[in-house]
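*Asks:* give me coordinates for this.
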Amino acid sequence: MKDKGKFKKLESKRLEYGYTYQQMADMLGVCKSYYWQLEHNNRRLYYDLAHRIAAIFNLKPDDIFYDDFLK
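*Replies:* Numbering: from 1, shown residues only. Prediction:
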């Protein structure tokens, strides 16, 4: 996992749906700072959480995260 950067598609989807960091955190059952760290790639993203995030947007985890892991 890279040290810097963002999951750009995740941020884009969150903004497209009009969700705040807090709303995403609430839907995932994590604190706001934990979610922010995930989106900014400062925390390790586990498959279970990637799956739960993708489900919020009716997508597969690869639809959101695959391109960012290729870089």
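
*Asks:* ramachandran coordinates for Val30?
*Replies:* Note on Val30: backbone dihedrals following degrees, to the nearest 10 are phi -130, psi 170.

*Asks:* actually Ala25, sorry about that
*Replies:* The phi/psi pair for Ala25 (degrees, to the nearest 10) reads phi -60, psi -40.

*Asks:* what about it, neighbour count?
*Replies:* 18 (other Cβ atoms under 10 Å). In this view, the C-beta of every residue, glycine as well, is placed from N, C-alpha and C.

*Asks:* what's the pLDDT at it?
*Replies:* On pLDDT, Ala25 comes in at 98.

*Asks:* helix/strand/coil for Asp48?
*Replies:* Under the three-state scheme (DSSP: H, G, I helix; E, B strand; the rest coil), Asp48 adopts helix.

*Asks:* next one: it from Phe57, what distance?
*Replies:* 16 Å (Cβ to Cβ, to the nearest Å).

*Asks:* check Tyr19 too.
*Replies:* 10 Å.

*Asks:* ok, now which ones touch the nearest residue to Glu11 once chain neighbours are set aside?
*Replies:* Excluding the flanking residues, the one nearest Glu11 by Cβ to Cβ, 6 or more residues apart in numbering is Glu39, at 5.8 Å. Neighbour list for Glu39: Lys6, Phe7, Leu10, Glu11, Arg14, Tyr21, Met24 [criterion: Cβ atoms under 8 Å, 6 or more residues apart in numbering].
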